[in-house]
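Asker: below are the sequence and a predicted model for it; my questions follow.
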Amino acid sequence: MPTARSWLLHDTDSYLTPLVTFINRCLKEMQGDAAKQLENVKIELLKLTKKEAADCQLWHNMARTGERKKQKNKEIDDCQTWHNAARREKPKKQKNKEIADCQQWYNMQENAV
């Protein structure tokens, strides 16, 4: 299992790298309790960074899920709009046909006289 130090060196974000490098340089010069405390600070700092990265990933995934839901809802709305428009067209066509039939009948009545 890797030591805390090796884990910290390899698992840092780019903005934390200079800080971790500075802490590591200080740790080489320090002894005893002070070094142990600084090492603990570094570990906690990197734990927070990992949590922040995980939270960011979670937010990103939730945003993508939200976009998928919006897209699906839009597709459903489009389908319903098309269906409703098609339903409106049927009565309109039927009514136009009835009017045309009536006009033909009326024209036939005029011609018969």
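Answerer: Cool, got the structure. Model, not experiment: these values are computed from the prediction. Residues are numbered from 1 along each chain as shown.
Asker: mind jotting down where the helices sit in the protein?
Answerer: Ranges of helices in the chain, per DSSP state H, are 4-10, 17-29, 32-112.
Asker: nearest the geometric middle of the protein, what residue?
Answerer: Nearest residue to the geometric centre of the chain (Cα atoms, centre = their mean): R64, 1.6 Å.
Asker: tell me who's in contact with that residue.
Answerer: By Cβ atoms under 8 Å, 6 or more residues apart in numbering, R64 lies in contact with nothing. To be clear about C-beta, it is placed using only N, CA and C from the backbone, and glycine gets the same treatment.
Asker: how far away is it from Q80?
Answerer: 25 Å (Cβ to Cβ, to the nearest Å).
Asker: do the same with A34
Answerer: 69 Å.
Asker: then K51?
Answerer: As judged by Cβ to Cβ, K51 and Q80 stand 43 Å apart.
Asker: now K97
Answerer: 26 Å.
Asker: got TSV for the helices of the chain, with mean pLDDT too?
Answerer: Below are these laid out as TSV (pLDDT from 0 to 100):
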stretch	mean pLDDT
helix 4-10	45
helix 17-29	82
helix 32-112	81
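Asker: need phi/psi at M30.
Answerer: The phi/psi pair for M30 (degrees, to the nearest 10) reads phi -90, psi 160.
Asker: what is the neighbour count of it?
Answerer: Residues lying near M30 (other Cβ atoms under 10 Å) number 15.
Asker: same question, L46
Answerer: 21.
Asker: was I right to think it contacts I23?
Answerer: No - judged on Cβ atoms under 8 Å, L46 makes no contact with I23 at a distance of 10.0 Å.
Asker: how many residues are close by V20?
Answerer: Neighbourhood size, V20 [other Cβ under 10 Å]: 19.
Asker: now swap in L38 and tell me
Answerer: The burial count for L38: 15, using other Cβ under 10 Å.
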